[in-house]
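build me a model from this:
(chains A and B)
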Amino acid sequence: MYPKDFEYHSPEGIEEALNILEKNGSEAKIMGGGQSLIPMMKLRIVAPKHIVDINKISSLDFIKDEGKRIVIGTLTRMADVEKYEALRKKVRIIPECAEQIADPLVRNMGTFGGNIAHGDPNNDMPAAVLVTGARIVCRSKSGAREIEARNFFVDTFTTALKENEILESVVIPVSRGYKGTYIKMERIAGDYGIAGVAVWFSSDGERFRDCRIALTGVGPTVIYAEKACNYLNDQRITREAIKRASEVASQESKPSDDLRGSESFKRKVVSLLVRRAFEVSLKEVGSEP
Amino acid sequence: MLIEEERKLEKPLPASVRFVLGRGKYVDDIFFDNMLYLKIVRSPYARAKILKVNGEITGRELSASMTSVGEGATERKTRVNYPVLATDYVSYVGQPVAAVIAEDIYEAEDKAEEVEIEYEPLKPVVDPYKAIDSEPIHPNTNSNVFVDTKLGKDFDESADVVLEERLGCERIIPNPLEPRGIVAHYDGTRLTIYGSTQSVYSWKEGICSSLKLSPEQVRVIQMDTGGAFGSKGGIYPEYIVAAYASIKTKRPVKWIETRLEHLQATAHGRGAYADMKIYARRDGRIVGLKADILVDSGAYPVGVAPWAPSWIGYQITGPYAIEKVYVRARAVYTNKVPLGPYRGAGRPEAAFFVERMIDMLSDKLGKDALEIRKINTHEGKWKSPLGLEVNDARSFLARAARQLRYSSLKRKRGFGLSFFVLIPNLEPGESARVKIQDGIVRVWLGGSSHGQGHDEFARRIVSEELDVPMEKIYFENSDTEKINRGVGSWGSRSAVLAGAAIVEACRKIREKARAKLGPRFKAEDLLSFEFDESVFFKPEGQLNSLGVNVVLATKDKLGFGRISKIISYYDAGNLLNRNMAVSQVIGGAMQGLGQVLSERAAYNEDGQLVIGSISEAGVLKISATPDFEVIFDREKSRMPHGAKGLGESPTIGVPPAAIRALEKLAGKWFTKTPLTEEDILLNGG
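Predicted structure coming up:
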């Protein structure tokens, strides 16, 4: 429970942080809230030689409502994401997801960017940003590039972020008329969930349009349930259609047996959560199936 | 630096207030200038031969063995030696093999990684039932079965209904918030130990015995202790190594357990199984009970394992008047950390076994939960064939049913009832010392708080007995130097025994004061003199009490069964402090619920613990809290202050009632704890 020696850097600007990354390559690790990194270092699962603490770079701590999109800086605490009014109004799935992460202590420190950049398939926020069609802004010394959230998560603890890049911000499109939510099931509050589900969709009152479903904790990365989405698009809004989609999503999940349940049980939970997420979202706008 | 000097500067605060103010003083709060830090190097294998060890402190140098001390300690000699540091072979993941000391803990951690140990892994024995016929894990034994006792007389019975079931309570990791810890300080002649402990006396005995020290050479002081649940009553290899390292270096040595070490290397609880067989008449009356109990002892015969099988067997009839009882009680070695006492220590296991059978019988016969229990109780005194005394079970049950509004509660679908007996651990008694000097009263007990708040009842009894205001009464943690003889705090005993000892010590002071000051002395008079009385209170006979739990469960929005309410109706005798009693009941109820819902020390077939954090261990959090209702049946005991045991009641009563409530919703029988989430997904989702 005591980490190996490391060199601690505390840059005050993003350029300085990028210089440290450029110089130390894979031996450097960015630290935001440290809620995942510090425990892993204490258990000596990881032992980075250089810790680049970005907490002094206040320009990375922001939420900007630009009308058609909302931009969230990487250093924004989950507790702030939870409380941000414009998000509640325009892309409610994001704060709804934030408030389900771990416990208030973790959310006071844990950052929006960290939850995404860590690449942990059990982290909640990836599923929520993925279904909103967000873009991830990554910056290196040579400039910024944007990656679609769907292409960002490569494997467990592996993302499209390069060694010399910082996840700078996340751009979330504001899509009028979309609804959805994030729900998860945990055995113990604050433990990794058994599964989590994000749904985000539009409808013309009768039929589903542009459905997006993403799954947490049931595969090597967050899973985009493409087949379930394709099935549901243009279907009439009925219990049967939702049930069918939930079964397809459950087939698309790739859970494994562990303490939290067997593979088949987790698939069942995925399907229960997908159904519940649609039911809750539809109930709120009065178009119950 | 010691507590006493600090205390004199302030008014005595209840421990609970001190803790909230951040003024608790735990073992990890101790710092000496020249202190060294100890790190233990542990076996990564469940079972392996040790081919080579190259480290700072190894078993070659520190060739000592562990002794059984504390709750459930045994003097029984077994052929199995539990080395402080393993030399020839290791028997569980986490077993200490070597140790390093360093100027700070970071350096110690780095040094530990450099210790070279070569192992030849062997196939471990993990499943306790398979252990019975497996190759012995200890080379000098013939079998892994090291306890095989029979209680009562075997019988033949042809009853209307015979019900057989294999039941089990899987192992649980104690997980107090504060892990284990010790500071050992040898000054060249004497060894002073500061510890997070339930018993300074057990530690002293264990350290003296392993290191061949005389009692005069060792003093043990209890620091504020942040939870224990049984796990800190006995002695562990790490304490012996810390004491040894301090003697060797003549410097203070600190060892603080990490959570991961706690999961692997602190004695687990429960781990008991039973093949139960009951014989009943069609009206529900049980005429005979047979139990074949198996305790998963882990690798060494310390802790409770040698004693647990027959202790569970002794109380297997619960509060019921069952005429014929026959028990076979066994303990087996497995390649796991040794088993230890865990809140209730055998009582919850016995209650789980008998209550499960009664509920299953009630289903079989279509009987109401209360009716089937009532028909099996006795009015007045009852002594079971195995010697367990139960008083007025029938009238207690009737009172409980009335108070709990049973007839309306039982209409709920997810409804579970349990009825149990609490046997406080009274042997061999407990001590207290009350000292008046410099205008204040100080009180010590043989066993102090690890979260229960002993100071609350101790100060109150002193205040009432001596008629001295609370702000003049200081509670001190246990210290072998302050009271010569004492036992420890476990087994629902402190309020009963230490409480009685305080009463007697105060009465002695009053007698002496009367002789000195005449019959009408006042508190101020008393405080201006010096008195010092120590009492070791030895009770006679049994002091068992009864309890009933009702647990309600409902279906949540996803379709899972969830516990919604826990109602407790316990006989706690004369309550010494109602708030503390209610807190004990709620905390214990959550612990009992944890056993049913999630807590489990899960091992895989390689004997590797697959639990890596306190969350994974299944400890419940506040979000899992149901509603509580706590009612006390306050029949005074024959103790001078009327107290009875309480601390373990909820861990005994809640599990069988909670599992029953969920079972009723699920519509299928449950036979072991913990359940999985899959078990409580109702109607298959």
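
and the stretch 451-600 of chain B, which residues reach chain A?
Residues of the stretch 451-600 of chain B found near chain A (C-beta under 8 Å from any C-beta of the partner chain) are B:557-559, B:598. (C-beta placed from N, C-alpha, C; glycine too.)

with the stretch 51-200 of chain B instead?
B:105-106, B:108-110.

now A:Phe265. Nearest residue, chain neighbours left out?
Take A:Phe265 and drop its neighbours on the chain: the residue closest to it by C-beta to C-beta, 6 or more residues apart in numbering or on different chains is B:Glu678, 4.4 Å away.

where in the chain is pLDDT low?
Just so you know, I chose chain A. A:284-289 (pLDDT under 70).

ah, I was thinking of chain B
Confidence mapping of chain B against pLDDT under 70 gives the ranges B:1-10, B:75-76, B:685.

quick one: which of the residues of the stretch 451-600 of chain B next to chain A is most hemmed in?
B:Ser598 (25 neighbours; other C-beta atoms under 10 Å in any protein chain shown).

isn't that one up against A:Ala189?
No - counting by C-beta atoms under 8 Å, B:Ser598 does not reach A:Ala189; the two are 11.0 Å apart.

redo the residues of the stretch 51-200 of chain B next to chain A as CSV? Include distance to B:Val304 and neighbour count.
Below are those laid out as CSV (distance: C-beta to C-beta, whole Å; neighbours: other C-beta atoms under 10 Å in any protein chain shown):
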residue, distance to B:Val304, neighbour count
B:Ile105, 32, 18
B:Tyr106, 36, 15
B:Ala108, 32, 22
B:Glu109, 32, 20
B:Asp110, 37, 15
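
which member of those residues is positioned nearest B:Gly439?
B:Ile105 (42.7 Å; C-beta to C-beta).

I figured the closest one hits B:Met35, correct?
No - using C-beta under 8 Å, B:Ile105 makes no contact with B:Met35, being 10.4 Å away.

neighbours of the residue nearest to B:Val468 when sequence neighbours are not counted, how many?
Leaving aside its chain neighbours, B:Val468 sits nearest to B:Ala523 (4.7 Å; criterion: C-beta to C-beta, 6+ apart). The tally of other residues near B:Ala523 (other C-beta under 10 Å) stands at 14.

likewise for A:Lys283?
11.

what does A:Ser175 give?
Around A:Ser175 there are 16 residues (other C-beta under 10 Å).

quick one: contacts for it?
The neighbours of A:Ser175, taking C-beta atoms under 8 Å, 6 or more residues apart in numbering or on different chains as the test, are A:132-133, A:202.

among the residues you listed, who's most crowded?
In the contacts of A:Ser175, the most neighbours by other C-beta under 10 Å go to A:Thr132, 24 neighbours.

out of everything not next to it in sequence, what's closest to it?
Counting by C-beta to C-beta, 6+ apart, the residue nearest A:Thr132 is A:Ile172, at 5.2 Å.

then B:Lys664?
Closest to B:Lys664 by C-beta to C-beta, 6+ apart is B:Gly414, at 5.4 Å.

list the contacts of the residue in the stretch 51-200 of chain B positioned nearest to chain A.
Of the stretch 51-200 of chain B, the residue with the smallest distance to chain A, taken as C-beta to the nearest C-beta, is B:Glu109 at 4.3 Å. With contact taken as C-beta under 8 Å, 6+ apart, B:Glu109 is in contact with A:2, B:39.

and the next helix or strand past the helix or strand containing it?
Using DSSP states H and E, B:Glu109 maps to helix B:105-114. Next along the chain after helix B:105-114, taking DSSP H and E as the criterion, comes strand B:116-121.

all strands of chain A, in order?
For chain A, strands defined by DSSP state E occupy the ranges A:7-9, A:28-31, A:50-53, A:63-65, A:69-73, A:135-140, A:143-148, A:153-155, A:158-159, A:166-173, A:179-186, A:193-203, A:208-216, A:223-224.

scratch that, the stretch 51-200 of chain B is what I was asking about
Along the stretch 51-200 of chain B, counting by DSSP state E, counting those that start in this stretch, strands occupy B:57-58, B:89-90, B:96-102, B:116-121, B:145-152, B:161-169, B:181-186, B:191-195.

likewise for the stretch 551-685 of chain B?
Using DSSP E, counting those that start in this stretch, strands in the stretch 551-685 of chain B cover B:561-571, B:627-633, B:672-673.

so what's residue 95 up against?
Reading this off chain A. Counting by C-beta under 8 Å, 6+ apart, A:Pro95 touches A:81-84, A:87-88.

my question was about chain B, not that one.
B:42-43, B:86, B:265, B:299, B:337.

which positions in the helix ranked longest in chain B come out as buried?
The longest helix of chain B (DSSP state H) is helix B:494-517. Across helix B:494-517, burial judged by 16 or more other C-beta atoms under 10 Å in any protein chain shown covers B:494-510, B:513.

also stretch B:518-535?
Buried, per 16+ other C-beta under 10 Å, within stretch B:518-535: B:526-527, B:531, B:533-535.

tell me the one among those residues nearest to B:Val287.
Among the buried residues of stretch B:518-535, and counting by C-beta to C-beta, the member closest to B:Val287 is B:Val535, at 46.1 Å.

report the angle between the axes of the helix or strand hosting the closest one and helix B:494-517?
B:Val535 belongs to strand B:531-537 when elements are defined using DSSP H and E. Put simply, strand B:531-537 runs at 140 degrees to helix B:494-517, going by axes from the mean of the first three to the mean of the last three C-alpha atoms, to 10 degrees.

please state the offset of strand B:531-537 from the chain centre?
27 Å (C-alpha atoms, centre = their mean, to the nearest Å).

hmm, who's touching that strand?
With C-beta under 8 Å, 6+ apart as the test, strand B:531-537 has contacts from B:429-437, B:446, B:483-486, B:497-498, B:500-502, B:504-506, B:508-509, B:512-513.

next up, the contacts around the residue nearest to B:Ala99 when sequence neighbours are not counted.
Using C-beta to C-beta, 6+ apart and skipping the chain neighbours, the partner closest in space to B:Ala99 is B:Ile57 (4.2 Å). By C-beta under 8 Å, 6+ apart, the residues touching B:Ile57 are B:85, B:98-101, B:241, B:244-245, B:248.

ok, which stretches of the stretch 1-150 of chain B are helices?
Per DSSP state H, counting those that start in this stretch, the stretch 1-150 of chain B carries helices over the ranges B:3-8, B:15-20, B:105-114, B:128-131.

check the gap between A:Phe152 and chain B for me.
27 Å (C-beta to the nearest C-beta, to the nearest Å).

okay, now that residue: neighbour count?
Using other C-beta under 10 Å: A:Phe152 sits among 24 other residues.

and what of the one 5 residues further on?
For A:Phe157, the number of neighbouring residues by other C-beta under 10 Å comes to 14.

that one touches A:Asn123, doesn't it?
No - counting by C-beta under 8 Å, A:Phe157 does not reach A:Asn123; the two are 10.3 Å apart.

the lengthiest strand in chain B pairs with which strands?
Longest strand of chain B, by residue count under DSSP E: strand B:286-298. Pairing partners of strand B:286-298, with direction, according to DSSP bridges: strand B:272-280 (antiparallel), strand B:324-333 (parallel).

and the gap between the residue lying farthest from the centre of chain A and B:Tyr342?
For chain A, the largest distance from the centre (C-alpha atoms, centre = their mean) belongs to A:Asp5, which lies 30.7 Å off. Relative to B:Tyr342, A:Asp5 is positioned 38 Å away (C-beta to C-beta, to the nearest Å).

same check on B:Gln403?
30 Å.

check B:Ile614 too.
Counting by C-beta to C-beta, the gap from B:Ile614 to B:Tyr342 is 15 Å.

compare these two (neighbour count), which wins?
Neighbours were counted for B:Ile614 and for B:Tyr342 using other C-beta under 10 Å; B:Tyr342 has more, 31 against 20.
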